[in-house]
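K.L.:
Model the structure of this input:
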Amino acid sequence: MGLFDKLFGKKEQKESLEQGLQKTREGFFSKITKAIAGKNTVDEEVLDNLEDALVSADVGIETTVAIIERIEKRVAKDKYLNTAELNSILKNEIENILVDAKQDNSYENYELPAGYKPHVILVVGVNGVGKTTTIGKLAHNFSLAGKSVLLGAADTFRAAAVDQLTIWSERTNVPIVKKEMGSDPASVAYDTIISGVARNSDVIIIDTAGRLHNKAHLMDELSKIKRVIQKVIPEAPHEVMLVLDGSTGQNALEQAKHFTAATDVTALTITKLDGTAKGGVVLAIAHQFKIPVKFIGVGEKATDLLVFDKKEFVDGLFGGVV
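P.N.:
Numbering: from 1, shown residues only. The predicted model follows:
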């Protein structure tokens, strides 16, 4: 049991996850119940209704089709199925979808992957998705887990981003490297790395500008940041983390398409799942992009940024129904 587990037990984390997925779960299962009401066989109508339930939870067309096809194969021989059996099969196939997606538990209990110190995380994402808040929560939770953290405010095109990150720095007692608005983001990133090495920090988290309107410019800027970082730590950044707003559903998928085309995204954080019935977008993103979901946000508290565990997520999605 890690320090994070001791501070925030599995029971509390499970409750936080289930509460955060409540809106998705309630809408999802009300539609599933309607899909099989009065039915004692899984016919075409049941599958069509089930497909509608999945799509309405923003699981996405491609992922929904994959799940429905798997269920069709499962019930091809014996078409009798009651509610509990359908829920069980559906849960199992959703778990299988996540197994097929590339997942790992590299940050379990907010531990850091072995081999690099400092561990450098470059955070990308459009404005408004909760990117800067996510960085603050990451800093808080890594600190709680006993890690020394340094923040880099390289989103120098938006004054509010630097101010917001500074507030998190003060709140969590984590040092920050920043410059005046309009400064070269790569210069901030470079100074952050130099400072982090000098401080012997465990983890460095660098914020970047949340612009998407010009993909070529975005690619150039991120490439420049990577180049200056690698002058100090050749293998860095060790993680390029894309933050997506889960409440935007399919828009989050579009953002993922743009960013994965512009840069080498290695990890995903999906935020704001507590305020939406579209939590199924986590399945769509994991399945379609084959990029590991590392963290999910299910509430306002810093400790509501949870390390993603595919089994616990599916359990939270189904709650006590299965």
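
K.L.:
which of the residues in the helix or strand hosting residue 142 are buried?
P.N.:
Taking DSSP states H and E as the criterion, the element that holds residue 142 is helix 131-144. Going by neighbour count (16 or more other Cβ atoms under 10 Å), the buried part of helix 131-144 is 131-144. Placement of C-beta: from N, CA and C, glycine included.

K.L.:
Which strands and helices lie in contact with it?
P.N.:
Contact analysis of helix 131-144 by 3 or more Cβ pairs under 8 Å, 6 or more residues apart in numbering; DSSP states H and E lists helix 3-7, strand 119-124, strand 149-153, helix 159-172, strand 203-207, strand 267-271, strand 293-297, strand 305-307 as its packing neighbours.

K.L.:
So, low pLDDT: which residues of the stretch 201-322 of the chain?
P.N.:
Scanning the stretch 201-322 of the chain for pLDDT under 70 picks out 211-216, 320-322.

K.L.:
Can you show me the helices along it?
P.N.:
With DSSP state H, counting those that start in this stretch as the criterion, the stretch 201-322 of the chain has helices at 215-230, 250-262, 281-289, 310-318.

K.L.:
among these, which is the most enclosed?
P.N.:
Most buried of these, by mean neighbour count (mean count of other Cβ atoms under 10 Å): helix 281-289, with a mean of 24.

K.L.:
what's that one in contact with?
P.N.:
Residues from elsewhere that reach helix 281-289, judged by Cβ atoms under 8 Å, 6 or more residues apart in numbering: 58-60, 62-63, 66, 94, 97-98, 100-101, 103, 244, 246, 249-250, 252-253, 256, 260, 268, 270, 273, 291-293, 296, 310, 313.

K.L.:
re the thing from before, the helices of the stretch 201-322 of the chain into CSV, with extra columns for distance to residue 194?
P.N.:
Below are the helices of the stretch 201-322 of the chain laid out as CSV (distance: least, Cβ to Cβ, whole Å):
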stretch, distance to residue 194
helix 215-230, 10
helix 250-262, 26
helix 281-289, 33
helix 310-318, 38
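
K.L.:
Tell me which of the ones you listed approaches residue 113 most closely.
P.N.:
Nearest of the helices of the stretch 201-322 of the chain to residue 113, taken as Cβ to Cβ: helix 215-230 at 17.1 Å.

K.L.:
what are the C-alpha coordinates of the closest one, in PDB please?
P.N.:
Provided in PDB are the C-alpha atoms of helix 215-230 (Å, rounded to 0.1, in the frame of the first residue of the first chain):
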ATOM      1  CA  LYS A 215      -1.800  23.300 -36.200                       C
ATOM      2  CA  ALA A 216       1.500  24.200 -38.000                       C
ATOM      3  CA  HIS A 217       2.200  26.800 -35.400                       C
ATOM      4  CA  LEU A 218       1.300  24.500 -32.600                       C
ATOM      5  CA  MET A 219       3.600  21.800 -34.000                       C
ATOM      6  CA  ASP A 220       6.500  24.300 -34.400                       C
ATOM      7  CA  GLU A 221       6.100  25.600 -30.900                       C
ATOM      8  CA  LEU A 222       5.900  22.200 -29.200                       C
ATOM      9  CA  SER A 223       8.900  21.000 -31.300                       C
ATOM     10  CA  LYS A 224      10.900  24.000 -30.200                       C
ATOM     11  CA  ILE A 225      10.000  23.300 -26.500                       C
ATOM     12  CA  LYS A 226      11.100  19.700 -26.900                       C
ATOM     13  CA  ARG A 227      14.400  20.700 -28.500                       C
ATOM     14  CA  VAL A 228      15.400  23.100 -25.700                       C
ATOM     15  CA  ILE A 229      14.400  20.600 -23.100                       C
ATOM     16  CA  GLN A 230      16.500  17.900 -24.700                       C
END
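
K.L.:
Now do that helix against helix 250-262, angle only.
P.N.:
60 degrees (axes from the mean of the first three to the mean of the last three Cα atoms, to 10 degrees).

K.L.:
can you give me how far helix 215-230 is from the chain middle?
P.N.:
Here helix 215-230 is found 22 Å from its chain centre; the criterion is Cα atoms, centre = their mean, to the nearest Å.

K.L.:
going forward, begin numbering at 151 instead of 1
P.N.:
Okay, using 151 as the starting number, the last item reads as helix 365-380.

K.L.:
What are the contacting residues of that helix?
P.N.:
With contact meaning Cβ under 8 Å, 6+ apart, helix 365-380 is reached by 270, 272, 274, 304, 335-337, 339-340, 343, 356, 358-359, 361-362, 386-387, 390, 408-409, 411-413.

K.L.:
before we move on, the earlier item: which of the helices of the stretch 351-472 of the chain sits closest to residue 175?
P.N.:
helix 460-468 (6.0 Å).

K.L.:
Now residue 171: closest residue in space that isn't a chain neighbour?
P.N.:
Nearest residue to residue 171, sequence neighbours excluded (Cβ to Cβ, 6 or more residues apart in numbering): residue 466, at 4.7 Å.

K.L.:
out of the contacts of helix 431-439, which are buried?
P.N.:
Buried among the contacts of helix 431-439 by 16+ other Cβ under 10 Å: 208-210, 213, 216, 244, 247-248, 251, 253, 394, 396, 399, 402-403, 406, 410, 418, 420, 423, 441-443, 446, 460, 463.
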